[in-house]
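# any chance you can model this:
(2 chains)
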Amino acid sequence: MEKGKDRAKMVDHIVEDEAIITKIEHKSHKIDSLIKQYRPVEALKTALDGSPPKTRDERCKSANWHVVHRALMAIKAVDLMFSNLDPEYYDILMKYLYRGLSTGDRQTCDQCLKIHEKLTQKAGLGCIIRALSDTVNTV
Amino acid sequence: MKPTLAQLVERRTVVGAVILRSLVRIRQGSSVRLYLTCIRNTLEAAMCLQNFPCQEVERHNKPEVEMKTSPELLLNPVVICRNEAEKCLIETSINSLRISLKVKQADELENILTKKFLRFLSMRAEAFEVLRRKPVQGYDISFLITNYHCEEMQKHKLIDFIVQFMEDIDKEISELKLSVNTRGRLVATEFLKQFI
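Numbering: from 1, shown residues only, chains lettered A, B, ... in the order given. Alright, predicted model coming up:
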């Protein structure tokens, strides 16, 4: 009986994960088109929307991270970015910045460090504390 | 006494090396500044420590970041990389904070110099108070800051110390490397003079 319930829950999780991955793929197409139209800030907003997806699956998180990474690297003018970005995106952006900083790739880290400085000036230390202390919704 | 040709060449190469190094440092200046600013901001946010006696054992008070027994007392660890060679790991808990640094080591000589120099410092960890005797696996040097340190010393001064330490380490290692190379060159010149 127990095994049946557990298997049903696992199947549900797998179905959810597949749904999330398809959603991320759709986002990725939209973001590519936005980047081609030289609107990187909107691309970033689309990438950050609906994340973190409520899942513990590593594949979903990496898929979402790839999408956000592409949007982040497309941004050239970091100062102008914050005039267009709404404050509700600051916390989730900070979490993705720390994920970017942990990769170790030189260009990613340079870009993430630039954005991190400006974001801290805009959002304050509270944003960093929320990114550090949120152990439930990690990216 | 007039300097010999050998000494003049020696001085010019040393001066040349110093100028080259300072030029490289000026170009890297802004990326170092961003890296240190990021670490400073993260430390200011993460250094929120309070006294918390051990939950498992009576009358014990342990730095929770070292024990890692209860997940509710730990925050997300954060790795801040500047490039493939340099990174900084910051782990926080309710009563303690651990900072581990990996210093840039360009070649074998810098590798050996860094290891020896940082081992020298780590062995005298009691004089530094916030230094950890052994670095965390994968890093060159570690600091452990507890709530007692925050009570005795000022928080922003601790952060200034750590950022200053990171700046000075690079300078020290390059000076050491320069002096080793200079000494090697002098010794080789003197030794080979007998064969002229």
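# check residue 83 and give its pLDDT.
This is for chain A. With respect to pLDDT, A:Ser83 scores 83.
# wrong chain, I was asking about chain B
At B:Asn83, the pLDDT value in this model is 90.
# now do the contacts for it.
By Cβ atoms under 8 Å, 6 or more residues apart in numbering or on different chains, the contact set of B:Asn83 is A:Gly104, A:Arg106, A:Cys109, B:Lys104. All C-beta atoms are positioned from the backbone trio N, CA, C, and that covers glycine.
# what about these, which are in strands?
With strands defined by DSSP state E, no entry of those lies inside them.
# now a ChimeraX select for only the buried ones of those residues.
Listed next is the ChimeraX selection for buried residues among those, using 16 or more other Cβ atoms under 10 Å in any protein chain shown:
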select /A:104,109 /B:104
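# which of the contacts of B:Asn83 sits closest to B:His60?
B:His60 lies nearest to A:Gly104 out of the contacts of B:Asn83, by Cβ to Cβ, at 37.4 Å.
# whichever helix or strand A:Phe82 is part of: which residues count as buried?
Assigned by DSSP states H and E, A:Phe82 belongs to helix A:78-84. Using 16+ other Cβ under 10 Å as the test for burial, helix A:78-84 gives A:Met81, A:Phe82.
# show me what that helix is packed up against.
Applying 3 or more Cβ pairs under 8 Å, 6 or more residues apart in numbering or on different chains; DSSP states H and E, one finds that helix A:78-84 contacts helix A:40-48, helix A:106-123.
# next SSE downstream of it?
Assigned by DSSP H and E, the successor of helix A:78-84 is helix A:90-101.
# in chain B, which spans are strands?
Going by DSSP E, chain B shows strands at B:78-81, B:87-92, B:96-102, B:141-146.
# so which of these gets nearest chain A?
strand B:78-81 (4.0 Å; Cβ to the nearest Cβ).
# can I get the strands of chain B in JSON lines including distance to chain A and mean neighbour count?
Below are the strands of chain B laid out as JSON lines (distance: least, Cβ to the nearest Cβ, whole Å; neighbours: other Cβ atoms under 10 Å in any protein chain shown):
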{"stretch": "strand B:78-81", "distance to chain A": "4", "mean neighbour count": "21"}
{"stretch": "strand B:87-92", "distance to chain A": "7", "mean neighbour count": "23"}
{"stretch": "strand B:96-102", "distance to chain A": "10", "mean neighbour count": "23"}
{"stretch": "strand B:141-146", "distance to chain A": "15", "mean neighbour count": "23"}
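# reformat these as TSV; add distance to B:Cys54.
TSV is the format used below for the strands of chain B (distance: least, Cβ to Cβ, whole Å):
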stretch	distance to B:Cys54
strand B:78-81	25
strand B:87-92	17
strand B:96-102	12
strand B:141-146	13
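# to A:Val11, which of the ones you listed lies closest?
Between the strands of chain B, strand B:78-81 lies closest to A:Val11; by Cβ to Cβ that is 35.2 Å.
# low-confidence ranges in chain A?
For chain A, applying pLDDT under 70 flags the ranges A:1-2, A:4, A:8-9, A:52-54.
# mind listing what residue 63 touches?
Unless you meant another one, I'm taking chain A. Contact analysis of A:Ala63 by Cβ under 8 Å, 6+ apart lists A:Ile21, A:Ile24, A:Glu25.
# right idea, wrong chain: chain B
When contacts are counted by Cβ under 8 Å, 6+ apart, B:Pro63 touches B:Ser93, B:Asn95, B:Ser96, B:Leu144, B:Thr146.
# pLDDT at it, what is it?
Reported pLDDT at B:Pro63 in the predicted model: 95.
# now do B:Ser142
Looking at B:Ser142, its pLDDT is 96.
# I'd say it and B:Ala125 touch.
No. With contact defined as Cβ atoms under 8 Å, B:Ser142 does not count as touching B:Ala125 (9.7 Å).
# identify the contacts common to those two.
Common neighbours of B:Ser142 and B:Ala125, using Cβ under 8 Å, 6+ apart, are B:Leu131, B:Arg132.
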